[in-house]
Every structure is written in structure tokens, then in C-alpha cells.
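predicted model and sequence below, questions to follow.
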Amino acid sequence: MNYPIINDNLCDDYICYLKEYNKPKKYKQLSIDIEQNNLITIEKDRDLRKLNFFGIPFCIQKERDKTSNLKDLIQNLNRILQDNKINKIDLILFKEISSLKYLEALDKKNISKISIQKFIELDNDIKLIKNQFSKGHKHVINKEFLELSYKLIDHTNYNNEIFDMMKLHKLVSGRFTRSKESWFLNEKMILNKKGFLISVSLGEEIISYSFFYCNNNYSEYFSSCTKRNYFKKFNNITHKTIFLAIEYLKKRKFKYFTLGETKILYDENPSSIKLENIQTFKSSFGGKSIIKILFKNINDDIINICEQV
């Protein structure tokens, strides 16, 4: 599986969103190879200088960055670290799962997190995709609540709904968790065919919104908000929303859809029970499992892992 590299699939609107979301941090953009394929940023926040990609980890993948070139990339990274007095890096290495044994030998002093991320392969028949869901997920998706109606909103029928989602998000969270400008940038994604919404209504009342990002052949579950008092009565709102998104993405000929991390194998900052429950929920949608290793220092483990079959 030639799975997607997340950084390669971020459009300009998404990068503008990351800059806005991470204010007041500043970013200087550069590349770690002469072909300008591996774009990274230096994040400046007071005395901290961090190497990442506009606030999220930058990626190395064996299928793109051949092992023969990795040594040059590592050398370039080390030079950038020294020249710019970098305090920390956020570098992710993606690798298909063949065996987990090699993970035991990794020097955890250089690693922040090891996790599993699943990619649903949208080229597969919808029946096959659904068959990979857990038994519980299949059961609740098939359940019908006639009182509820679902609406998919993209560039063809958008009418300022992202700001209705913003208001619902504030109601559910009890506060604004990000700037209004960041919601304007989500709107731009929708209008530029890089995102879409799914709303859930009970009569005239909208009780849930979910936003999905999509670009090139890749899509991700971006954010959602649902009135909590309806979760028990309608226990399949999120399940059905995600399944409708998968059907829509298949029609638009996208290849990969991810819900993000589905299991933590190692974390220097252990996850909460709530986060573990969310990861279990996401994992139950099936898909191809990929190991995601978040490094905080450059070391030989990066090349050694890439050389693993």
C-alpha cells in the first residue's frame, strides 16, 4: 500500500489554518532536499525553536524517501539543527506493520510517541469496507432513527453552515476554543473543494456537525461537535456520519480516508481514558494499520527502521 503522506496533502488553506490556529508562533519555511520535496518549518515561540511543519510533525516515508537518500536527508537535518540552534524536532516516520518486534529495540529517549493509524482504502467495494467494521459498529449503523435527518454540505450547496457549526461548537465546549478566522479558513476549504460538512437534525434543531478535510487522493476526519444530551437516545450519530462521509468520498474518487490515531503503543505522556475510548471507537472502522513513530531527536533508528522489510 502506497499510503499518503499527510504533509504532502495539505493545501494552502490548511497551512493558513495551521498558522492561524498556532498563533502567536512564527514559522520559517525551508526544505531538507534540493528537489524541494521535503518542506519543513522552524517554529519560533519565545526561546523555543522547533523543527516541524507549521506546528504539526513533518514526515519521512520509505516509499517516497528512498533509503539511499535518507542519509543525505539526515545530514541536511543535522546541519539545519546546528545552523538554526533548534531545541526540538517533531518528525514522524510512517511504516507498514510487518512485525512489532523492532519497536522494542528503539531508544525511547529519542521518541515521544508510537501509535497506530488506520487508513480506509476507498478503492475497495463499499461492502468490503463495511465488512471491516466491528460487529458493534455495523449494528448501530444499520439502526434507523426516523426522527433524524442527515445533510451533506459541500461547495455545491454551502450556505454559511460552518458558522452554525462554530456556534454549536461553542455551546458544546462552553467557550470558543479557536479564533473566528480559523473557521473562515475552514469555509475556504469547503468553497475550494477541500472540505465538506455533514449536519444531523432533529426536526428543525441541528444537533451535530462534522467537518472533513480532503485534497488530492486523501481525506481526514477533521472535527465534530454534537449536543451531548442526544448521545444516549441516538447512539449512532457519529457512526452514521462517518459512513456517509466514506460513501461521498468514494463517489468523488478519493483513495484514502483516515480517522487519525487508533491505538497508542508508547507515549511519554500517557493518554486519558477518554482519549483511549475515542481511539477504540475509531479503530472499530477497520482499515489498513500503519505504525506512526514520533521522534524528538535525529538518530540512526530512523534509517534502521526504513531498512526493515
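Happy to help now that I have it.

can you give me the end-to-end span of stretch 86-103?
By Cα to Cα, to the nearest Å, the extent of stretch 86-103 from end to end equals 26 Å.

pLDDT on that stretch, on average?
The average pLDDT within stretch 86-103 is 80.

from the chain's centre, how far out does it sit?
16 Å (Cα atoms, centre = their mean, to the nearest Å).

buried stuff in it?
Under the neighbour-count criterion of 16 or more other Cβ atoms under 10 Å, stretch 86-103 has 86, 89, 90, 91, 92, 93, 94, 95, 103 buried. Bear in mind the C-beta positions are built from the backbone N, C-alpha and C, glycine included.

what do you get for stretch 163-171?
165, 166, 168, 169.

okay, these in TSV with distance to residue 276 next?
Converted to TSV, those look like this (distance: Cβ to Cβ, whole Å):
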residue	distance to residue 276
165	26
166	28
168	26
169	23
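
what is the most widely separated pair among the residues you listed?
Greatest spatial distance in those: 166 and 168, 7.4 Å, computed using Cβ to Cβ.

now residue 187. Nearest residue, chain neighbours left out?
Nearest non-adjacent residue to residue 187, counting by Cβ to Cβ, 6 or more residues apart in numbering: residue 162, 4.6 Å away.

and residue 170, by the same measure?
residue 176 (5.4 Å).

next, that neighbour: phi, psi?
Main-chain torsions, residue 176, degrees, to the nearest 10: phi -80, psi 120.

was I right about it contacting residue 182?
No. If you go by Cβ atoms under 8 Å, residue 176 and residue 182 don't touch, sitting 9.9 Å apart.

and the pLDDT for the residue nearest to residue 284 when sequence neighbours are not counted?
Spatial nearest neighbour of residue 284, excluding adjacent residues (Cβ to Cβ, 6+ apart): residue 134 at 3.8 Å. Per-residue confidence at residue 134 stands at 95 (pLDDT).

burial measure for residue 134, as a count.
14 (other Cβ atoms under 10 Å).

likewise the one 3 residues further on?
Neighbour count for residue 137, taken as other Cβ under 10 Å: 20.

just checking, it touches residue 284?
Yes. Between residue 137 and residue 284 there is a contact at 4.8 Å, judged by Cβ under 8 Å.

now do the SS call for the spatially most central residue of the chain.
Closest residue to the average C-alpha location of the chain: residue 260 at 4.6 Å, with Cα atoms, centre = their mean. Following DSSP: H, G, I helix; E, B strand; the rest coil, residue 260 is assigned to strand.

surely it and residue 282 touch.
Yes. Look at residue 260 against residue 282 with Cβ under 8 Å: they come within range, at 6.5 Å.

excluding chain neighbours, give the residue nearest to residue 297 in space.
Distances taken as Cβ to Cβ, 6+ apart place residue 110 nearest to residue 297, at 4.3 Å, with adjacent residues excluded.

can you tell me the SS state at the residue nearest to residue 54 when sequence neighbours are not counted?
Closest residue in space to residue 54, ignoring its immediate chain neighbours: residue 18 at 4.0 Å, by Cβ to Cβ, 6+ apart. The three-state label given to residue 18 by three-state DSSP is helix.

so what's the residue count around residue 18?
19.

can you tell me how far it is from residue 189?
According to Cβ to Cβ, to the nearest Å, residue 18 and residue 189 sit 12 Å apart.

output the longest helix along the chain as PDB, restricted to C-alpha atoms.
Longest helix in the chain by number of residues, with DSSP state H as the criterion: helix 67-83. C-alpha atoms of helix 67-83 as PDB (Å, rounded to 0.1, in the frame of the first residue of the first chain):
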ATOM      1  CA  THR A  67      16.900   4.600   1.900                       C
ATOM      2  CA  SER A  68      19.700   5.700  -0.400                       C
ATOM      3  CA  ASN A  69      18.600   9.300   0.000                       C
ATOM      4  CA  LEU A  70      17.800   9.100   3.700                       C
ATOM      5  CA  LYS A  71      21.400   9.500   4.800                       C
ATOM      6  CA  ASP A  72      21.600  12.800   2.800                       C
ATOM      7  CA  LEU A  73      18.300  13.900   4.400                       C
ATOM      8  CA  ILE A  74      19.600  13.100   7.900                       C
ATOM      9  CA  GLN A  75      22.800  15.000   7.200                       C
ATOM     10  CA  ASN A  76      20.800  18.000   6.000                       C
ATOM     11  CA  LEU A  77      18.600  17.800   9.000                       C
ATOM     12  CA  ASN A  78      21.500  17.800  11.300                       C
ATOM     13  CA  ARG A  79      23.000  20.800   9.500                       C
ATOM     14  CA  ILE A  80      19.700  22.700   9.900                       C
ATOM     15  CA  LEU A  81      19.600  21.800  13.600                       C
ATOM     16  CA  GLN A  82      23.100  23.200  14.200                       C
ATOM     17  CA  ASP A  83      22.800  26.300  12.000                       C
END
